[in-house]
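> quick one, what's the 3D model for this:
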Amino acid sequence: MYYMTGTGGMLWKSKDLKLWEGPFHVAKTDSGSWMGPKPMIWAAELHPYKGKYYYFATFTNQEVKKIGRASCRERV
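This next block holds a predicted model:
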């Protein structure tokens, strides 16, 4: 299985790199949090490690920049 991430917390998957399923929302923004009124998720990566998949991304707004991580035990 192949995975492709996109801006905004999106993920697509494909068995053959020709036909893609998705987008699936794997991360959400919250304009009421530190992310502010116009939050962004970008530069995401997905890595398998010890039976889990880890999603690394940059979460930003105009004033704050942080790096976040999420994991799951099953494939999307």
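
> which residues of the protein fall in strands?
Secondary structure of the chain, counting by DSSP state E: strands at 2-6, 10-14, 21-25, 40-49, 52-60, 65-72.

> so which of these is nearest Ser33?
strand 52-60 (9.5 Å; Cβ to Cβ). The way it works is simple: take the backbone N, C-alpha and C, and place the C-beta from them, glycine included.

> skipping adjacent residues, who's closest to the spatially most central residue of the chain in space?
When Cα atoms, centre = their mean is applied to the chain, the residue found nearest the centroid is Gly9 (3.9 Å). If the residues on either side of it in the chain are set aside, Gly9 comes closest to Ala27, at 3.3 Å by Cβ to Cβ, 6 or more residues apart in numbering.

> same question, Thr58
Nearest one to Thr58, counting by Cβ to Cβ, 6+ apart, is Ala43 at 4.7 Å.

> what about the one you found, how many neighbours?
Residues near Ala43, counting by other Cβ atoms under 10 Å, number 13.

> before we move on, the earlier item: these two touch, right, the residue nearest to the centre of the chain and Ala57?
Yes: contact criterion Cβ atoms under 8 Å: Gly9 and Ala57 qualify, at 7.1 Å.
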